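K.L.:
Model the following, please.
(2 chains)
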There are 2 protein chains.
Amino acid sequence: MTPQDPRFRLATAADLPAIVRMLADDNLGSQRERYETPLPAVYRSVFEQIESDPNHELIVAEQDGEVIGTLHLMFLPSLSFQGGLRAQVESVRVDKRVQNQGIGSKMMKWAMERAQQRGAHVVQLTTHKTRLDAHRFYERLGFKGSHLGMKLSLK
Amino acid sequence: MTPQDPRFRLATAADLPAIVRMLADDNLGSQRERYETPLPAVYRSVFEQIESDPNHELIVAEQDGEVIGTLHLMFLPSLSFQGGLRAQVESVRVDKRVQNQGIGSKMMKWAMERAQQRGAHVVQLTTHKTRLDAHRFYERLGFKGSHLGMKLSLK
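P.N.:
Okay, the predicted model is just below:
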């Protein structure tokens, strides 16, 4: 059976287990997340914050009735660039069962269009230096790796 | 006369001309900003959005009654890291007249403490790859340049 084209929509609370499963399903994520039943309450409470903030759009990709991708699109008002709105993409995941089928690319293009609709002048993201496949993926979408992304852990 | 220690506080609308002056006062900024009298209205309208959003703190450094530094601290709720709050720093500027006096470092340390107070697990920022002095500055503060920062212009 040919899979349906993925469709993209805002996540609902019912999507949370699928989203956390994808966040947990890689080397880094498996050490950071708690994909358990029931889901730790902190995920639901942060989801509510995200859902109620118009500057945040938590997106899922759905195909044949299943959630198979996610990304978190943030809109950041900023004075610089003459008060230009920035869009930022975080927590991009595609389910391992459907990788290398172009779903990540379709999902990112959807997010880029959404950012343009809302008037953002730039889409920004960071990706770990070692993830050369991700760098090429984002370059093919038109992103330029012009910046160094720096992090300071507070814990 | 020995200058006072800088103090740090939330920006008010009255600080906007000084902030935009600093944003405009470098090679990149001079092409992007409009530091004019009166200040273009877009800066005031975006300032109001920032000021009314509890996830944004636009900070100024003040010394001897003058605004001599600014940074924009953003708090980003996120599902990843078990719903861990991220702090992001953007638009860091120190007035050219008082550079190399440790003001940027004091301002960043203030922001790092503020991020910790609000429960963030990480402070993140990006800086242009060519700005090696900035990389060293942030490394001295404990930041690690672990990521590639990618941008896509939508204009």
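
K.L.:
Identify the residues contacting the helix or strand bottoming out on mean pLDDT in chain A?
P.N.:
Lowest mean confidence among the helices and strands of chain A (mean pLDDT, DSSP states H and E): helix A:27-32, at a mean of 80. The contact list for helix A:27-32 (CB atoms under 8 Å, 6 or more residues apart in numbering or on different chains) reads A:23-24, A:128, B:80-82. C-betas here are computed from N, CA, C, even on glycine.

K.L.:
before we move on, what about stretch A:89-100?
P.N.:
Residues from elsewhere that reach stretch A:89-100 (CB under 8 Å, 6+ apart): A:3, A:19, A:22-23, A:25-26, A:61, A:63, A:66-74, A:103-104, A:107-108, A:111, A:123-125, B:76, B:78-80.

K.L.:
Mind checking which of the residues you listed land in strands?
P.N.:
Using DSSP state E, the subset of the contacts of stretch A:89-100 located in strands is A:61, A:63, A:66-74, A:123-125, B:76.

K.L.:
Check those and tell me the two furthest apart.
P.N.:
A:66 and A:124 (29.6 Å; CB to CB).

K.L.:
related to what we said a few turns ago, nearest to residue A:145, of the contacts of helix A:27-32?
P.N.:
Of all the contacts of helix A:27-32, residue A:128 has the smallest distance to residue A:145: 12.1 Å, by CB to CB.

K.L.:
sorry, back to before: which one of residue A:66 and residue A:124 has more residues nearby?
P.N.:
residue A:124 (22 against 14; other CB atoms under 10 Å in any protein chain shown).

K.L.:
which residues does the more buried one bridge with?
P.N.:
residue A:88, residue B:151 (DSSP bridges).

K.L.:
And it, what's its pLDDT?
P.N.:
Note on residue A:124: pLDDT of 98.

K.L.:
Give me the distance between it and residue B:154.
P.N.:
11 Å (CB to CB, to the nearest Å).

K.L.:
what touches both of the two?
P.N.:
residue A:87.

K.L.:
ok, of the ones in strands among the contacts of stretch A:89-100, which come out buried?
P.N.:
For those, a burial check counting by 16 or more other CB atoms under 10 Å in any protein chain shown picks out A:61, A:63, A:67-74, A:123-125, B:76.

K.L.:
quick check, nearest of these to residue A:146?
P.N.:
Closest approach between these and residue A:146, by CB to CB: residue A:124, at 9.9 Å.

K.L.:
for that closest one, what are its contacts?
P.N.:
Residue A:124 neighbours (CB under 8 Å, 6+ apart): A:86-89, B:126, B:149-152.

K.L.:
go with 7 Å
P.N.:
Each residue near residue A:124 by CB atoms under 7 Å, 6 or more residues apart in numbering or on different chains is listed here: A:86, A:88, B:149, B:151.

K.L.:
who wins for most neighbours among the contacts of helix A:27-32?
P.N.:
Counting neighbours by other CB under 10 Å, residue A:23 comes out on top of the contacts of helix A:27-32 with 24 neighbours.
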